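**Q** got a sequence here, can you model it:
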Amino acid sequence: MTYLSYTDTRRHLRDALNTAEAGVPVGISRRDRRVALVDVNLLLELLTSCPQVQRPVAVAEDGGWSVLLPGTPIAAEGDSLDDAVEELIVALREYAEDWIERLKNAPNHADNWPLVQLVCLSTDAKLADWIRGSDR
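**A** Below you'll find the predicted structure:
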């Protein structure tokens, strides 16, 4: 893959975006750092199948529902499964904010980068489908 400079990327942004949307790798370099420009739907597909991102688990208990994300401190409860899913989406978004602000360098949270990307790049509807397992 060739890496475009920051200046070349700005000059040819439309072409770079079209290339990334087509699923072709586009790299951008600035000083000694490199980043990739990728189509968000392709990235989300990859993240939802990433073994590092565990699937949420729903459990019916005491007339309500609990939904938790194994290996993380993220969980939610609700009177119905839909309520629990909505609460988990809120909890996921709060965790992602906390991760970005302060947890990303904490040893027990640093490996949650794929989860945070999934949460930040997804709509609530996409997250609900992922939680329910209907995104497959």
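**Q** what about whatever helix or strand residue 34 lives in, distance to the chain center?
**A** Element membership for residue 34, per DSSP states H and E: strand 33-37. How far strand 33-37 lies from its chain's middle: 18 Å, per CA atoms, centre = their mean, to the nearest Å.
**Q** so which bits of it are buried?
**A** residue 37 (16 or more other CB atoms under 10 Å). Quick note: C-beta positions are derived from backbone N, CA and C, even for glycine.
**Q** same deal with stretch 49-56?
**A** Within stretch 49-56, judged by 16+ other CB under 10 Å, the buried ones are 53, 56.
**Q** CA atoms only: put it into CSV for me.
**A** Written as CSV, here are the backbone C-alpha positions of stretch 49-56 (Å, rounded to 0.1, in the frame of the first residue of the first chain):
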residue,chain,number,x,y,z
SER,A,49,-16.5,-10.6,14.3
CYS,A,50,-13.3,-9.8,16.2
PRO,A,51,-12.6,-12.4,18.9
GLN,A,52,-11.3,-9.6,21.2
VAL,A,53,-14.9,-8.1,21.2
GLN,A,54,-17.1,-10.6,23.1
ARG,A,55,-20.7,-10.8,22.3
PRO,A,56,-23.1,-9.5,25.0
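**Q** give me the contacts around it.
**A** With contacts defined as CB atoms under 8 Å, 6 or more residues apart in numbering, stretch 49-56 is touched by 47, 67-72, 88, 111, 114-115, 118, 130-131, 133.
**Q** next one: stretch 77-90
**A** 56, 58, 60, 63-67, 69, 74-76, 124, 127-128, 131-132.
**Q** next up, the contacts around residue 68.
**A** Residue 68 neighbours (CB under 8 Å, 6+ apart): 56-57, 59, 74-76.
**Q** before we move on, the earlier item: buried subset of the contacts of stretch 77-90 as a PyMOL selection?
**A** Here is the PyMOL selection string for the buried members of those, based on 16+ other CB under 10 Å:
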select buried, resi 56+58+65+66+67+69+74+75+76+127+128+131
